[in-house]
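Participant: Compute the structure for the input listed below.
(one chain, ligands or ions: 1)
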Amino acid sequence: MHATPVVAAPQWVFGYGSLIYKVDFPWLERRPARIHGWSRRFWQGSHDHRGTPERPGRVVTLVEEAGASCAGMAYRVEPGVFAHLDHREKNGYQRHLTGLQFSDGRRRQGWIYLAAAGNPAWLGDAPDAVVARQILAAAGPSGRNHDYLLLLADALRALGADDPHVFAIERQVRAAAGAGISRAPLLHARCGLPA
Ligand code: SIN
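Facilitator: So this is what the prediction gives:
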């Protein structure tokens with residue numbers, strides 16, 4: 001069993017998925033940032049937030065890739081916030097310390113929630129059209145899986161970040177669902193991204 005790391009002072013945490021746009025925790029400071037050597041992928045299953053055990057949704061995790069970098073949002077938070085985040089990210093994610101680079105070039109250490117290959121909710125790679133169909137068919141206690149995708153794609157655009165994988169799946173979802181598809185509004189005003 002993997003021990004949950006204990007922190008004793010304010011720390012940075014880097015969000016690359018729902019932690020960019022669903023900011024249901026207090027933060028002391030927030031900065032757009034990148035982590036190097038990682039790519040964002042819709043390869044993690046979600047039984048608890050955006051799907052069910054019978055019909056899991058797909059959410060993002062990180063996979064190591066030489067030369068890649070992944071854009072997201074870094075938050076400096078009080079130690080007590082990690083209890084909430086560890087619970088929220090419990091379905092296969094483990095907290096790891098890694099190097100962050102802020103958009104002004106400064107570097108810091110920060111935590112990421114990483115769902116590693118082989119965890120019980122892992123789904124792995126699949127063609128974009130298959131991922132899109134699975135996303136369109138899934139919903140869970142946190143809402144529809146396609147809202148997770150569309151909110152993430154909009155949040156990345158608001159950050160000025162290119163992510164060919166996320167945007168390709170978004171295109172597939174929009175094409176499969178037709179013109180009527182909409183996304184849920186953002187509920188967490190503190191995140192500062194357009195609703
Ligand atoms: C993250 O957002 O950094 C982790 C994955 C998620 O909750 O979507």
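
Participant: quick one: His84 and Val23 touch, right?
Facilitator: No: assessed by CB atoms under 8 Å, His84 is found out of contact with Val23, at 11.4 Å. Yep, even glycine has a C-beta here, placed from its N, CA and C like the rest.

Participant: A strand includes Leu149, no?
Facilitator: No: using DSSP: H, G, I helix; E, B strand; the rest coil, the assignment for Leu149 is helix, not a strand.

Participant: Settle it for me: which of His84 and Val23 has more neighbours?
Facilitator: Set side by side, His84 and Val23 show unequal neighbour counts under other CB atoms under 10 Å, the larger going to Val23 at 21 against 13.

Participant: give me every residue that touches Leu150.
Facilitator: Leu150 makes contact with 170, 173, 181, 183, according to CB atoms under 8 Å, 6 or more residues apart in numbering.

Participant: please redo it, this time with the cut-off set to 10 Å
Facilitator: Neighbouring residues of Leu150 by CB atoms under 10 Å, 6 or more residues apart in numbering: 135, 144, 170, 173-174, 181-184.

Participant: same thing with Phe102?
Facilitator: So Phe102 contacts 12, 31-34, 74, 108, 110 (CB under 10 Å, 6+ apart).

Participant: Just the buried ones among those residues, please.
Facilitator: Using 16 or more other CB atoms under 10 Å as the burial test, the contacts of Phe102 include 12, 31-34, 74, 110 as buried.

Participant: Can you get me a residue count around the residue in the chain positioned nearest to the ligand?
Facilitator: Nearest to the ligand in the chain, going by CB to the nearest ligand atom, is Gly17, at a distance of 2.4 Å. Residues near Gly17, counting by other CB under 10 Å, number 24.
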